[in-house]
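Engineer: let me see the structure of the following:
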Amino acid sequence: MDGYDVKKAMDQVHISSEMQEEVIMNIQKKMENGNTNTRTWSWRRMATAAAAFVLVTGIVSFPVRAFVTNVVRERMESIPKEEVQEINNMVQSKPTEADEFSREYSDSEKERSKTLWQAYKGGKFPENVITQVDNAEDVLEGTLCYIRSTGVFNLPAQEMTDEEILEIIDFQHKMSYAVSQGTAAQEARAQMQAEEKQLRERIQAAGGISDEEAIEIATKQMEDELGERTEGKEILKYNDGSAAVIIQDISEQTDYEHKGDIAYLIIFSNPDENNHSTYYCMIDAVDGSILKTYE
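Structural biologist: I've put the predicted structure just below:
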């Protein structure tokens, strides 16, 4: 998941930069705590965990959209298992911790990439797959290709076509999907599911509030705080269509007071691409008090 890094994964679920950093730091802290030699910390491992986080929470914008939309997921699931394993092995073994590009995108390419990224999620796929070469010396001048040994997208000097940009987007999705299917991501998902189960048991033992009560509290807080700006915001959804309620252990948090050690995080989002905004409300799972809100 090198070049298709943590932030790209988080971007797929429309989480703000503030929450992205919070999630990333939480993942990093957990993984470092489980590693007696923190100097062996690998950003690639954190990216794997982040991919697992996205897939296990299944958070999507409203109306329901998965980490990848159904049409994209079907495309990913149609990739032969051998190819998925090969891509995952390539990503995990590369010497670099981030994919790179041989040159910067032009302003036009940047704008078209944003548009094509959305079009891709709607089912606009490239006609061909990106060319892959083993080493830089195998690159054919003036052509787009991916250098497997270095993780570099070699871009042609001339302005890229929509097809070429789509080939890059397609391969980035394939790398992310391949990592998410690997053993490390599967173990991370299982661990996260086990941790959530434990947190829910602790909430119940403490006589805490339910998900439904947390949603009700968060909705009222947003209405009181934002007023007219609440219009258009809907609670984010899980893949099955149920309201998204994230449970977090806050026992080590010191920047705000909390009665219990567990919090609910409720996220509301406006799906309008031209007026996209997100509101976060963190609630003490024991007494229902508001701990933190931000946009």
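Engineer: tell me how many other residues crowd residue 212.
Structural biologist: Under the neighbour criterion other CB atoms under 10 Å, residue 212 is assigned a count of 10. The C-beta positions use only the backbone N, C-alpha and C, and glycine is treated the same way.
Engineer: in three-state terms, label it for me.
Structural biologist: Secondary structure, DSSP: H, G, I helix; E, B strand; the rest coil: residue 212 is helix.
Engineer: residues contacting residue 195?
Structural biologist: Residue 195 makes contact with residue 249, according to CB atoms under 8 Å, 6 or more residues apart in numbering.
Engineer: element containing it?
Structural biologist: helix 183-205 (DSSP states H and E).
Engineer: my guess is residue 146 contacts residue 133, does it?
Structural biologist: Yes: Residue 146 is in contact with residue 133 according to CB atoms under 8 Å; the separation is 7.4 Å.
Engineer: who's more crowded, these two?
Structural biologist: Applying other CB under 10 Å to residue 146 and residue 133 shows that residue 146 carries more neighbours, namely 23 against 16.
Engineer: what packs against the host helix or strand of that one?
Structural biologist: Here residue 146 sits within strand 145-147, counting by DSSP H and E. Applying 3 or more CB pairs under 8 Å, 6 or more residues apart in numbering; DSSP states H and E, we find strand 145-147 packed against strand 132-133, strand 152-154.
Engineer: neighbouring contacts of that strand?
Structural biologist: 130-136, 138-139, 152-154, 171.
Engineer: so for it, mean pLDDT?
Structural biologist: Averaged over strand 145-147, pLDDT sits at 94.
Engineer: who does it pair with, and is each partner parallel or antiparallel?
Structural biologist: Strands that pair with strand 145-147, judged by DSSP bridges, come out as strand 132-133 (parallel), strand 152-154 (antiparallel).
Engineer: run through who's touching the shortest one.
Structural biologist: This means strand 132-133. Counting by CB under 8 Å, 6+ apart, residues outside strand 132-133 touching it are 139, 145-148.
Engineer: distance from the chain centre to the host helix or strand of residue 118, please.
Structural biologist: Here residue 118 is covered by helix 107-121, with elements defined by DSSP H and E. The gap between the average C-alpha position of helix 107-121 and the chain average comes to 18 Å, counting by CA atoms, centre = their mean, to the nearest Å.
Engineer: what's the answer for stretch 119-131, then?
Structural biologist: Offset of stretch 119-131 from its chain centre (CA atoms, centre = their mean): 20 Å.
Engineer: buried stuff in that stretch?
Structural biologist: Across stretch 119-131, burial judged by 16 or more other CB atoms under 10 Å covers 120-121, 125-126, 130.
Engineer: remind me which residues of this protein are low pLDDT?
Structural biologist: By pLDDT under 70, the weakly predicted segments of the chain are 1-69, 95-99, 188-189, 238-241, 271-276.
Engineer: where along it do the strands fall?
Structural biologist: Secondary structure of the chain (DSSP state E): strands located at 100-101, 132-133, 145-147, 152-154, 234-235, 245-249, 262-269, 278-284, 290-294.
Engineer: tabulate the ones you listed (a markdown table), appending distance to residue 227.
Structural biologist: Formatted as a markdown table, those follow (distance: least, CB to CB, whole Å):
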| stretch | distance to residue 227 |
| --- | --- |
| strand 100-101 | 44 |
| strand 132-133 | 53 |
| strand 145-147 | 49 |
| strand 152-154 | 45 |
| strand 234-235 | 17 |
| strand 245-249 | 24 |
| strand 262-269 | 14 |
| strand 278-284 | 12 |
| strand 290-294 | 14 |
